[in-house]
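Undergrad: build me a model:
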Amino acid sequence: MSTPTQLTGLVTASYGRHYRVEIESGLNYQCVGRSKQSTLACGDRVVFTPTSLTQGVIHHGLPRNNLLYRSVAHRAKLIAANVDQIIIVVAPVPSFYELLLNRCLIAAQAENIPAIICVNKADLGTPAQQVRHALAAYESLGHRVISVSAHQDIHELSPLIQGKVSVFVGQSGMGKSSLINTLVPEARSTTQEISQALDSGKHTTTSASMYKLAQEGWLIDSPGMQVFGLKQIKARELDHHFLEFRPYLGQCRFNNCMHLNEPGCAIRTACEHGDIHPARIAAYLDILGELMHA
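TA: Numbers count the residues shown, from 1 in each chain. The predicted structure is shown next:
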């Protein structure tokens, strides 16, 4: 009796325990994982056994270079694996949450994944300019910030994604799916209607999907989010993920300083001298509070 053939493929869509897996020839299989929990993400490479011409069973995932995920109610919500960069999409309408942006950046830094902040809906004029101005502090820290319009102008973004695996993240309503549609028209992502009354986007992308660019590269469209838990980050290591804190680390009077109200805190002193923006201290304390009570 012959042994079933095992194949290696790329997870290009994730629906709970069900996955779309593409093999090198371009054929796609609808596969199910053996685990009762969702342990794989878009971008994972897996070994599976076909059970028909279009279906299969996944045996295991192959080692990852990185994994982007967020924590939700004491469990990990996987976003994408083996990515080259993260595109964090923000926009003037609906209003974007700066705390969510900070959390996305920290998750990226924790996995050593380069991040680009992409201001969508640049065609809105003054509101978009105000968002860009608000992000000037992030540019000064070395974060790349670009402006695009999904329906009019994406020239700043297009060359940055060629030849790379890029995952798009951000809160609902920022226009991630519209950008994906423009960059990969055949993706057929559903563009959400914006609820002006709630000043919040309606979720339409409910599962992550991966799309191949006409030239080299892949895009991963992830579901919009309103929260980004960081319980995977250790409280003692959080300060290392704030770039402007790094020059002062190790200079506090106490080695175990958490930069709360301890005397001789170099981070607090830098803030008082105007070298660190108070909003960044506030963001740090917000996340630290979550981690210390996790």
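Undergrad: can you pull the buried residues of stretch 93-108?
TA: Residues of stretch 93-108 classed as buried by neighbour count (16 or more other CB atoms under 10 Å): 93-94, 96-98, 100-108. For every residue, glycine as well, the C-beta is placed using N, CA and C.
Undergrad: what do you get for stretch 39-46?
TA: Under the neighbour-count criterion of 16+ other CB under 10 Å, stretch 39-46 has 40-46 buried.
Undergrad: stretch 165-183 too?
TA: Buried residues in stretch 165-183, counted by 16+ other CB under 10 Å: 165-183.
Undergrad: stretch 243-260 too?
TA: 244-245, 248, 252, 257-259.
Undergrad: before we move on, the earlier item: just checking, which of the buried residues of stretch 39-46 belong to strands?
TA: Those of the buried residues of stretch 39-46 mapping onto strands are 45-46, per DSSP state E.
Undergrad: S149 and S177, how far apart?
TA: 15 Å (CB to CB, to the nearest Å).
Undergrad: and T49, by the same measure?
TA: Shown here: T49 relative to S177, a distance of 33 Å by CB to CB.
Undergrad: low-confidence ranges in the chain?
TA: Applying pLDDT under 70 to the chain flags the ranges 1-4, 36-37, 188-206, 294.
Undergrad: nearest residue to the middle of it?
TA: The residue lying closest to the centre of the chain (CA atoms, centre = their mean) is V169, at 4.2 Å.
Undergrad: give the contact list for that one.
TA: Contacts for V169 (CB atoms under 8 Å, 6 or more residues apart in numbering) come out as 68, 79, 86-89, 104, 176, 222, 225.
Undergrad: ok now stretch 30-38, how far from the chain's centre?
TA: Between the centre of stretch 30-38 and the centre of its host chain there is 23 Å, according to CA atoms, centre = their mean, to the nearest Å.
Undergrad: ok, residues contacting that stretch?
TA: 14, 16-21, 39-40, 46, 48, 54-59, 78.
Undergrad: re earlier: secondary structure and distance to H273 for the buried residues of stretch 93-108 - can I get that in JSON lines?
TA: What follows is the buried residues of stretch 93-108, written out as JSON lines (DSSP: H, G, I helix; E, B strand; the rest coil; distance: CB to CB, whole Å):
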{"residue": "V93", "secondary structure": "coil", "distance to H273": "36"}
{"residue": "P94", "secondary structure": "coil", "distance to H273": "36"}
{"residue": "F96", "secondary structure": "coil", "distance to H273": "29"}
{"residue": "Y97", "secondary structure": "coil", "distance to H273": "28"}
{"residue": "E98", "secondary structure": "helix", "distance to H273": "23"}
{"residue": "L100", "secondary structure": "helix", "distance to H273": "28"}
{"residue": "L101", "secondary structure": "helix", "distance to H273": "25"}
{"residue": "N102", "secondary structure": "helix", "distance to H273": "22"}
{"residue": "R103", "secondary structure": "helix", "distance to H273": "27"}
{"residue": "C104", "secondary structure": "helix", "distance to H273": "28"}
{"residue": "L105", "secondary structure": "helix", "distance to H273": "24"}
{"residue": "I106", "secondary structure": "helix", "distance to H273": "24"}
{"residue": "A107", "secondary structure": "helix", "distance to H273": "29"}
{"residue": "A108", "secondary structure": "helix", "distance to H273": "28"}
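Undergrad: which one of the residues you listed is nearest V119?
TA: Nearest to V119 among those is F96, at 9.1 Å by CB to CB.
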